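Asks: model this:
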Amino acid sequence: MKYSLKSVLAKCALTPSLLCFGVAAYAQGTAQIDVELMGGVDFRDTVFATCLDQPECKVGDVTIIAQRRQSQDFPWVNARLYWDPIDGIGIQDGAQNDEIDIDERVLVRFEKNMNIERIWLSDLFVSEDQRYGSSQTDLISGEPENAEVAGVSFLNGGAELQSITVSGEDRLPWAQFNQEIDTRFREDGDLRRRIVVNDDLVTLVIPGADLTLQTPTGAVDAAKQSLFDGLETVELDLTELLAEFNGAELFEVGTKNFELINAMVNDPDNLAEMLRKAQEKRTSISMSNGEVGFGVELEMPIDEVAFFSPFDASNDFSVAGIIFKK
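Replies: Modelled structure (predicted):
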């Protein structure tokens, strides 16, 4: 059944609700994410600017912690938070310098038990495969193959009560939403992890973890070679293929977006203007920022939420805000 905007607003006058406030705000030119987060914890608010470049920060009754690990078998260690007034909270370094990547997580802790109603994420898209050649990398059961996926865990006293995944809904635009707010933002300005090929030596650089992994293409692992015993094999010469990359600059070191925000962190008026422009652009242009809002069905109170990128998926996203039950 379909309703006109006029009839919905008439019903809202009789039975006000969060959804109705969202509809009314839409009619007045305000995006649903901005309306809903007015009544919650909006991580895009300039009060969270103090979190930028910190391993941990506390704003009011909320503590935010950045962590990373080398692999699923390694312990979590401190990382550094990223923040901006368009997307919210992410983590520096990793594959990208401003979002939560597969080896990172953001912990949000509350001073007392809370019941969560909704959560908003940003930078979560579908159709990235076409742009970045990541086909067949999204293998999470129940989630679309061509979508970025965020993981969210709810905890109390350190015990996990529930863990869910949330996928992107909007197609990745060919231009960057942030550049509509400030042209100094760079689409490739936050890429950090990179592969460097020099002749027959391949180097993987991971700045946040202070790792540099190198392997010569001609080296053969004897243990792995034994896996092919008795099988017909073909030896391929990769020299010509790798030579195509020699001397090629894929991306500059990706800290430009961080540097832009870091230069403004002590200028609240400038940050507030960027926040205002982002709110205006959400309804005045047809370009998605990958913002996804979802309801939380867990009835039990919690004191911590963990945001992470699941393995076996093309993932990186930011945390925009949390809305508590009244």
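
Asks: what's around G39, how many residues?
Replies: For G39, the tally of surrounding residues (other CB atoms under 10 Å) stands at 15. (Glycine included, C-beta is placed from N, CA and C.)

Asks: which SS state does the closest residue to it other than its chain neighbours fall under?
Replies: By the measure of CB to CB, 6 or more residues apart in numbering, the closest residue to G39 outside its immediate chain neighbours is I323, 6.3 Å from it. In the three-state summary, I323 is assigned as strand, counting by DSSP: H, G, I helix; E, B strand; the rest coil.

Asks: Quick one: residues contacting I323.
Replies: When contacts are counted by CB atoms under 8 Å, 6 or more residues apart in numbering, I323 touches L18, E36, L37, G39, G40, V41, I116, E117, R118, I119, W120.

Asks: same deal with V106?
Replies: Under the criterion of CB under 8 Å, 6+ apart, the neighbours of V106 are 64-67, 81, 89-91, 100, 306-308, 319.

Asks: Burial check on L161, number of neighbours?
Replies: A count of neighbours around L161, defined by other CB under 10 Å, yields 15.

Asks: my bad, should have said N156
Replies: Taking other CB under 10 Å as the neighbour definition, N156 ends up with a count of 15.

Asks: how near is it to I323?
Replies: 19 Å (CB to CB, to the nearest Å).

Asks: Need the pLDDT of the residue lying closest to Q72 once chain neighbours are set aside.
Replies: If you skip the residues right next to it in sequence, Q72 has F311 as its closest partner in space, 7.0 Å away by CB to CB, 6+ apart. We note a pLDDT of 72 for F311 in this prediction.

Asks: In what element of secondary structure is F311 found?
Replies: When elements are defined using DSSP states H and E, F311 is found to belong to no helix and no strand.

Asks: re earlier: mind checking which of the contacts of V106 land in helices?
Replies: Among the contacts of V106, DSSP state H puts none in helices.

Asks: Closest one of these to E180?
Replies: G90 (19.0 Å; CB to CB).

Asks: so what's that closest one up against?
Replies: Residues near G90 by CB under 8 Å, 6+ apart: L81, Y82, W83, Q96, D98, E99, I100, V106, D123, F317, S318, V319.

Asks: can you tell me how far it sits from D316?
Replies: The span separating G90 from D316 equals 8 Å under the rule CB to CB.

Asks: before we move on, back to that, show me the beta-bridge partners of the residue nearest to G39.
Replies: R118 (DSSP bridges).

Asks: now it: how far from W120?
Replies: 8 Å.

Asks: coming back round to it: identify the contacts common to G90 and D316.
Replies: Jointly contacting G90 and D316 under the rule CB under 8 Å, 6+ apart are Q96, E99, I100, D123.

Asks: Make JSON lines out of those residues and add distance to A147 and pLDDT.
Replies: Putting those into JSON lines (distance: CB to CB, whole Å; pLDDT from 0 to 100) gives the following:
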{"residue": "Q96", "distance to A147": "17", "pLDDT": "77"}
{"residue": "E99", "distance to A147": "15", "pLDDT": "89"}
{"residue": "I100", "distance to A147": "16", "pLDDT": "92"}
{"residue": "D123", "distance to A147": "13", "pLDDT": "91"}
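
Asks: Reformat those residues as a markdown table; add distance to S288 and neighbour count.
Replies: Formatted as a markdown table, the shared contacts of G90 and D316 follow (distance: CB to CB, whole Å; neighbours: other CB atoms under 10 Å):
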| residue | distance to S288 | neighbour count |
| --- | --- | --- |
| Q96 | 18 | 25 |
| E99 | 15 | 25 |
| I100 | 18 | 29 |
| D123 | 10 | 28 |
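
Asks: Dump the residues you listed to a markdown table, plus distance to N262.
Replies: Formatted as a markdown table, the entries for those read as follows, by distance: CB to CB, whole Å:
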| residue | distance to N262 |
| --- | --- |
| Q96 | 16 |
| E99 | 16 |
| I100 | 19 |
| D123 | 19 |
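
Asks: Could you list the domains of this protein?
Replies: With domains defined by automatic domain parsing, the chain comprises 9-38, 42-190+253-324, 194-227+235-243.

Asks: Check which element follows the longest helix out of those in the chain along the chain.
Replies: In the chain, taking DSSP H as the definition, the longest helix is helix 268-284. Remark: after helix 268-284, the chain's next helix or strand is strand 292-295, criterion DSSP H and E.

Asks: And the contacts of G90, which is closest to E291?
Replies: Nearest to E291 out of these is D123 (CB to CB; 8.3 Å).

Asks: OK, contacts around that closest one?
Replies: D123 neighbours (CB under 8 Å, 6+ apart): D87, G90, E99, E148, N289, G290, D316, F317, S318.

Asks: Equivalent analysis for P268, please.
Replies: Shown here is P268, whose contacts under the criterion CB under 8 Å, 6+ apart are T46, A49.

Asks: how about 6 Å then?
Replies: With contacts defined as CB atoms under 6 Å, 6 or more residues apart in numbering, P268 is in contact with T46.

Asks: contacting residues for the residue lying closest to A278 once chain neighbours are set aside?
Replies: Of all residues beyond its chain neighbours, the one nearest A278 is I86 (4.6 Å), with distances taken as CB to CB, 6+ apart. Listed by CB under 6 Å, 6+ apart, the contact partners of I86 are N178, I181, A278.
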